[in-house]
Structure formats: C-alpha cells, structure tokens
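In: Pasting the sequence and the predicted model now:
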Amino acid sequence: MKDKVISGKTKICGIIGDPIEHTMSPVMHNTAFKTLGLDYVYLPFKVKNEELKQAIAGARALNIRGLNVTIPHKVAVMQLLDKIDPLAEKIGAANTIVNDEGILTGYNTDAYGFIQALLEKDINPIGKKILVLGAGGAAKAICFILAEQGVSLVILNRKLELEWAQDIANRIKQNYTINVRADELNKKNLEQVLANTDILVNATSVGMSPNSHETPVDAEFLCSNMVVFDIIYNPFPTRLLQEAKTAGARTIDGLEMLVCQGALSFEKWTGQKPPVDLMRQSAMRLLQKNEK
C-alpha cells in the first residue's frame, strides 16, 4: 500500500484535549483512512482550557472536517458549536464535531460506542441493575444511553464532586422514567450497591496509567455473577479488570468502547463504514508497544 501523500485536497480530522499524548485515536483513524484509500489525515492537538474557543474558531476557519473531543472539553465545547445532536443535548456533553462548510455540529458517539461494545459481547443492558462510577463527560454519556435502555441505575461519585452525579440523576429523571439515584463513592455504598448489581461500569480515571496500581473497587466486592466494564484502556488490562476476571466476572475493556465510538465518528466524517477490526488491531499494537 502506498505511503500517504498530503495534498491541497487532503481532508483533516483530529482530536483536541489536554493531555493528549496518550491518545490511540490517530493510529486507529489513519489506519482506517489508508485501508479505504481515503484522502484524509488525523492529527492530535493539545488544547488547554483557556485555548478552547480559539481552537474551535481555528477548526472552522481552516475547514477541518471533523474533531474528536476528549478531557477536559466535552462539556465546554458545546456552547461553541452551531448545532447539537438531540442525544448530546440531553447528555450535556459532545465528543465528536462534524464541520459542514463552516457549520459545526456536535454529537456524542461515546454513548453509542458504549452500548455497541456491550452488544458485541452479547450483553443486553435492558432491565439490568447497573452501577456507574464517576460523573464526568464519559459517565454522562454512559448514564443517558443506559437510561434509554430502561435500566435501574445508581451513580456513585467522590464526595467533593457528588453534585455532578446528582445533576446527572436529575437530568435523567427529567427525560426518562427509570429508577436512578446518585450517592457518594465510598466503601459502604459500594458494598451495598454491588450486592445487587448486574453490570459495574468504571467511568472514573482511577487505575489509569501511570497509576495502574490503583482500583476503584476492592476485589472483595467483585463476584462471578456480574459484568465489569472499565472504560480505561491504558493499562491494558486495568487492575480492576484483572481482579474481576479472577473473581469469575465477565469483563469488557476500554479499548472496545474507544474503537466503537471512533468508528461512529469515522462514519460521520466520511460517510463510510470503517474497518473496525483493523482499527482495534492497530490500537492494540500501539498499546503493546508502549508497555514494553
């Protein structure tokens, strides 16, 4: 396959965030562009909080075709866009931007990526009792897409940011008729809730590299009759997933969600379905290389 030649016709996509050095998205998307012979290139852009407004204005002016949005911009970016997809509006966070001749539209592919990752493992969340740890942008997306599935939902977040979890629960109650509550993330509540949980989702950063020795849930609370989904993909696997597997639980890693949400972004930018397996393989190779 020929090496990529950048020209005046090449369409640019990318990802904005801070930090950005760890991202797997460029290798996934560039692999997919190359495989399909598309004249696109995907680049990472480190953007600080105070630079976000200028960055979005720059993307519009430079006619950048699309952007992924990661920590810490998923919420703040919404006020800078022209249109917001209804689900992203409900969630209050956007992680994908499509630029149609200067009109910027925000979407949330995290939500659908999460559900797709579950379904690909033959796990149907409808009617399940689900515990989500965390209340950031990804957690919001996960909670809202789960609410659409008619689950029973508990959201636990650390005490200093408990109001974030409460806000998610209140917004869900305004849009859906499901059982949902928010509470403090502590050992007592974990023990109580996990005793009756079908699916545990870690949407916090606890256990992310370089703090791979950490875990949001003590191993004693994990058991074989639950599914454990950790959206962290570096390290691979996380301590939480290792201990969940030892306990006999079914596990899903963060790479699955990353690939699924990335595939949806790719479709919105190009109008074509990407080679998902190749995207996953390229990200896995990079993870393994980084671990050496």
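Out: Yep, that arrived. The structure presented is a predicted model; accordingly, all values stated were derived computationally and were not measured. Numbers count the residues shown, from 1 in each chain.

In: which residues touch the residue nearest the centre of the chain?
Out: Closest to where the C-alpha atoms of the chain average out (C-alpha atoms, centre = their mean) is Asp110, at 4.3 Å. Applying C-beta atoms under 8 Å, 6 or more residues apart in numbering to Asp110 gives the contacts Ala93, Asn95, Gly137, Ala138, Ala141, Ile142, Met257, Gln261. Heads up, the C-betas are built off the backbone N, CA and C, glycines and all.

In: Would you check how far apart the fourth one and Leu118 are?
Out: Relative to Leu118, Ala138 is positioned 15 Å away (C-beta to C-beta, to the nearest Å).

In: Tell me which of these two has more neighbours.
Out: Between Ala138 and Leu118, Ala138 has the larger neighbour count (other C-beta atoms under 10 Å), namely 28 against 24.

In: Which SSE is immediately downstream of the helix or strand containing that one?
Out: Taking DSSP states H and E as the definition, Ala138 sits inside helix 137-148. Using DSSP H and E, the helix or strand that follows helix 137-148 towards the C-terminus is strand 152-157.

In: angle of that next one against helix 137-148?
Out: Orientation check (axes from the mean of the first three to the mean of the last three C-alpha atoms, to 10 degrees): strand 152-157 against helix 137-148 gives 170 degrees.

In: that older thread, out of the contacts of Asp110, which is nearest to Pro44?
Out: Closest to Pro44 out of those is Asn95 (14.5 Å), distances taken as C-beta to C-beta.

In: wait, isn't that closest one in contact with Gln261?
Out: Yes. Counting by C-beta atoms under 8 Å, Asn95 does reach Gln261; the two are 7.0 Å apart.

In: In terms of secondary structure, what does the helix holding Ala138 contact?
Out: Here helix 137-148 touches helix 86-91, helix 109-120, strand 129-133, strand 152-157, helix 162-175, going by 3 or more C-beta pairs under 8 Å, 6 or more residues apart in numbering; DSSP states H and E.

In: Distance to Leu185 and mean pLDDT added to the ones you listed, as a markdown table?
Out: What follows is those, written out as a markdown table (distance: least, C-beta to C-beta, whole Å; pLDDT from 0 to 100):
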| stretch | distance to Leu185 | mean pLDDT |
| --- | --- | --- |
| helix 86-91 | 20 | 91 |
| helix 109-120 | 19 | 93 |
| strand 129-133 | 6 | 98 |
| strand 152-157 | 4 | 98 |
| helix 162-175 | 8 | 94 |
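
In: Make TSV out of the ones you listed and add distance to Glu243.
Out: Formatted as TSV, the helices and strands packed on helix 137-148 follow (distance: least, C-beta to C-beta, whole Å):
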stretch	distance to Glu243
helix 86-91	30
helix 109-120	20
strand 129-133	15
strand 152-157	18
helix 162-175	24
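
In: Of all these, which one is nearest Phe221?
Out: Nearest to Phe221 among those is strand 129-133 (10.3 Å), distances taken as C-beta to C-beta.

In: mind listing what that closest one pairs with, with the direction of each?
Out: Strands adjacent to strand 129-133 in the sheet, as given by DSSP bridges, are strand 152-157 (parallel), strand 199-202 (parallel).

In: Compare those strands and give me the one nearest Ile64.
Out: strand 199-202 (31.8 Å).

In: May I have that closest one exported as PDB, CA atoms only?
Out: This file holds the C-alpha atoms of strand 199-202, laid out as PDB (Å, rounded to 0.1, in the frame of the first residue of the first chain):
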ATOM      1  CA  ILE A 199     -23.200  -4.500  35.400                       C
ATOM      2  CA  LEU A 200     -20.500  -2.400  37.000                       C
ATOM      3  CA  VAL A 201     -19.000   0.400  34.900                       C
ATOM      4  CA  ASN A 202     -15.900   2.300  35.900                       C
END
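
In: I'd like the next helix or strand past that strand.
Out: Counting by DSSP H and E, the next helix or strand C-terminal to strand 199-202 is strand 227-230.

In: Tell me the helices and strands packed up against that following strand.
Out: Using 3+ C-beta pairs under 8 Å, 6+ apart, strand 227-230 sits against helix 109-120, strand 199-202, helix 239-246, strand 250-252.
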